[in-house]
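Participant: Kindly generate the corresponding structure for this input.
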Amino acid sequence: MTRCIALLSGGLDSMLAIRIMQEQGIEVEALNFKTMFTCCQDMSAQVARDLGVNLTIIGQEDDYLDLVRNPEYGYGKGANPCVDCRIYMFERAKKFMHQIDAQFIISGEVVGQRPMSQKRSDLDTISYQSGLEDLLLRPLSAKLLPPTKPEREGLVDREKLYGVQGRSRKFLIELAHKYNLKEIPTPSTGCSLTEPEFGRKVHDLIQIQVDDKPWDYDTLNVGRHFRWNESTKVILGRDHQENLKLEYMHKMEDATSSALIEPLSFKGPIALVTGPASDDSISYAAGLVYRYGSTLDDEPNTVRVDAETGSQEMVALPTDRSSEDITIAMTTGLRRQER
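Facilitator: Numbering: from 1, shown residues only. Model prediction:
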């Protein structure tokens, strides 16, 4: 029995790639890759059920952040190292392929569909650098690419593959109807690294904060972020749920936050100070809580500061320093640090 591994994102392209293989009587095992930057509701489990394939979900390893910090093939419009990420995913898929005795791997990639990772040269780079070379088959664009090993050996009928190119979804939707797919998902990257605003937070962390930890990247999905200096940042909750999440994250074993500031006499956000918490940075954080809170007129607006040196109450005053959200404007005046 011929068996292949399919990278299943839950999007239309990967669904079609699987259905094309099933139409040729090939057994498909689906693999879904998750990272801390997956931002959308993931439909891969439901899609796998609809397609009648087994699904295995794998996550990032400790070395994944290294490619985010310093991608060999560069970033897209955000902080997305798409080519490096695809190579990383296919390297993991190759290991899984050997574990379950599959013969090759398929992907829903389409030549020219995504400018950052699906140019013809990018597809060649990904195949080669992942160590798969001609064991990586892209059924939707196969006729535009050299025959792969499973095609040459007769495991896959090349005549039943396609030559799709470009960003238009018209033909893909026609294929979806041909293969009786019940749901046609809308296009989605599924990765917050592609979002320009989120990308600015990532670049701030990479370029300025030299001792970043996985916890710091987890916090990028929460709140407003304000840079104090090269090693210190303030994170503000935007609503009650984010306030609760910041409280929880502050207590985590690997947290780099050194102080938590919460309003006492008025309603407002919780603030975390990450990195060294000096008197000046705590005052700055308290000023941000004041700025974004519902402060009281003619009364002291007090906050509680829980820091490594203990707990204290203080009056929050408006900050007299420029305090632009990192997602609005990247911090200026701070030089990039050497790692």
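Participant: C-alpha from now on. contacts and neighbour counts both.
Facilitator: Will do.
Participant: what's the burial count for Ser265?
Facilitator: 16 (other CA atoms under 10 Å).
Participant: surely it meets Asn301?
Facilitator: Yes. In terms of CA atoms under 8 Å, Ser265 counts as a neighbour of Asn301; the distance is 5.7 Å.
Participant: Sort out which residues of the helix or strand where Ser14 lies are buried, please.
Facilitator: Using DSSP states H and E, Ser14 sits within helix 12-23. Across helix 12-23, burial judged by 16 or more other CA atoms under 10 Å covers Leu12, Asp13, Ser14, Met15, Leu16, Ala17, Ile18, Arg19, Ile20, Met21.
Participant: Could you do stretch 72-83 as well?
Facilitator: Buried residues in stretch 72-83 (16+ other CA under 10 Å): Tyr73, Tyr75, Gly76, Gly78, Ala79, Asn80, Pro81, Cys82, Val83.
Participant: Ile20 against Leu161, yeah?
Facilitator: Yes. Ile20 lies in contact with Leu161 (CA under 8 Å); the separation is 7.4 Å.
Participant: Which residues are in contact with each of those two?
Facilitator: Shared contacts of Ile20 and Leu161, defined by CA atoms under 8 Å, 6 or more residues apart in numbering, are found at Pro139.
Participant: what pairs with the closest residue to Leu260 other than its chain neighbours across the strands?
Facilitator: Sequence neighbours aside, Leu272 is the residue nearest to Leu260 in space, at 4.7 Å (criterion: CA to CA, 6 or more residues apart in numbering). Beta-bridge partners recorded for Leu272 (DSSP bridges): Ile235, Leu260.
Participant: what's the burial count for Leu272?
Facilitator: 32.
Participant: got the contact list for it?
Facilitator: Val234, Ile235, Leu236, Leu246, His250, Ser257, Ser258, Ala259, Leu260, Ile261, Ala285.
Participant: can you list the residues that contact stretch 310-330?
Facilitator: 197-198, 200-201, 204, 224-227, 283-284, 286-291, 300-306, 331.
Participant: What about the residues you listed, which are in helices?
Facilitator: 197-198, 200-201, 204, 283-284, 286-291 (DSSP state H).
Participant: Going by neighbour count, which of the residues you listed comes out on top?
Facilitator: Ala286 (32 neighbours).
Participant: And the residue nearest to that residue when sequence neighbours are not counted, how far from Gly287?
Facilitator: In space, Ala286 comes closest to Ala316 once its chain neighbours are excluded; the distance is 5.2 Å by CA to CA, 6+ apart. Counting by CA to CA, to the nearest Å, the separation of Ala316 from Gly287 is 6 Å.
Participant: Over to Ile20?
Facilitator: Ile20 is 59 Å from Gly287, by CA to CA.
Participant: what ranges of the protein fall below the confidence cut-off?
Facilitator: 39-42, 116, 188-189, 327-339 (pLDDT under 70).
Participant: what about the strands in it?
Facilitator: Listed in chain order, the strands of the chain (DSSP state E) span residues 3-7, 27-34, 54-59, 104-106, 136-137, 224-227, 233-236, 257-263, 271-274, 302-307, 310-315.
Participant: circling back to that earlier point, for the ones in helices among the contacts of stretch 310-330, which one is nearest Val28?
Facilitator: Phe198 (34.8 Å; CA to CA).
Participant: residues contacting that closest one?
Facilitator: Contacts of Phe198 (CA under 8 Å, 6+ apart): Gly78, Ala79, Ser192, Leu220, Asn221, Thr327.
Participant: so can I have JSON lines of those residues showing distance to Ser44?
Facilitator: Below are these laid out as JSON lines (distance: CA to CA, whole Å):
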{"residue": "Gly78", "distance to Ser44": "24"}
{"residue": "Ala79", "distance to Ser44": "24"}
{"residue": "Ser192", "distance to Ser44": "17"}
{"residue": "Leu220", "distance to Ser44": "24"}
{"residue": "Asn221", "distance to Ser44": "22"}
{"residue": "Thr327", "distance to Ser44": "30"}
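Participant: The strands of the chain into a markdown table, with extra columns for distance to Val68?
Facilitator: A markdown table is the format used below for those (distance: least, CA to CA, whole Å):
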| stretch | distance to Val68 |
| --- | --- |
| strand 3-7 | 21 |
| strand 27-34 | 14 |
| strand 54-59 | 15 |
| strand 104-106 | 24 |
| strand 136-137 | 24 |
| strand 224-227 | 19 |
| strand 233-236 | 20 |
| strand 257-263 | 22 |
| strand 271-274 | 21 |
| strand 302-307 | 31 |
| strand 310-315 | 36 |
